[in-house]
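1. All I have is the shape, not the residue letters:
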């Protein structure tokens, strides 16, 4: 485990696990977007996932491992950076820093809290607003469960707020990945930064549109 013995190695591991989770965010958004097709769209998608059986649980365990590794090493690297950075160098860094880069550890912790809530909400289905029923094809009615939950303004506010936090985290995180891997230079950095910002906006609008449109009764 030589990779873990250096600060650079820990940063690389954190960057790689972070980008693997970005790929999950993309796939998850595509799956969730099946709700725009209607009840049959998302219920068919959910039934297909359920039919995969153990594969889904293996995937969930892999994702949990990625989250833990990314979170633990994110905290370690942040503490190491704070302890090792000279005051004059830190002052120069702050001048170049953005709100997203300055709050990475806090937005990461908030995302972890939200993911826990989200799992309890729509995976474990233990929240009081959850409605358990089946549709006309005797499939679990995910569409009804989601639309009833997102008809409550407080729950919509939680999800939209979490997506704003995700936006802030990825706005800097995607660019930081390329910087950590040494895949950028003075010419490519502005482009990479812009791509990261655009992807972060797409995730914000894509994920937030579902609860907002349900609350506004455009999806019902």
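-> Thanks, I have it. Note that the coordinates shown come from a computational prediction; the quantities given were computed from them, not determined experimentally.

2. if I look at residue 171, how far off is residue 18?
-> According to C-beta to C-beta, to the nearest Å, residue 171 and residue 18 sit 13 Å apart. To be clear about C-beta, it is placed using only N, CA and C from the backbone, and glycine gets the same treatment.

3. How about residue 182?
-> Distance from residue 182 to residue 18, by C-beta to C-beta: 16 Å.

4. what about the two, which has more around it?
-> The neighbour comparison of residue 182 against residue 18 (other C-beta atoms under 10 Å) goes to residue 18, with 24 against 9.

5. SS state for the residue lying closest to residue 145 once chain neighbours are set aside?
-> Nearest non-adjacent residue to residue 145, counting by C-beta to C-beta, 6 or more residues apart in numbering: residue 131, 5.5 Å away. Assigned with DSSP: H, G, I helix; E, B strand; the rest coil, residue 131 falls in the coil class.

6. wait, isn't residue 131 in contact with residue 147?
-> No. Shown here, residue 131 and residue 147 do not form a contact pair, counting by C-beta atoms under 8 Å, at 9.2 Å.

7. I'd assumed residue 41 was in a helix, is it?
-> Yes. According to three-state DSSP, the state of residue 41 is that of a helix.

8. What residues does the residue nearest to it when sequence neighbours are not counted make contact with?
-> Leaving aside its sequence neighbours, residue 41 sits nearest to residue 34 (C-beta to C-beta, 6+ apart; 4.1 Å). Taking C-beta atoms under 8 Å, 6 or more residues apart in numbering as the contact definition, residue 34 lies against 41, 42, 44, 45.

9. quick one: which of those is nearest residue 157?
-> Residue 157 lies nearest to residue 42 out of the contacts of residue 34, by C-beta to C-beta, at 22.1 Å.
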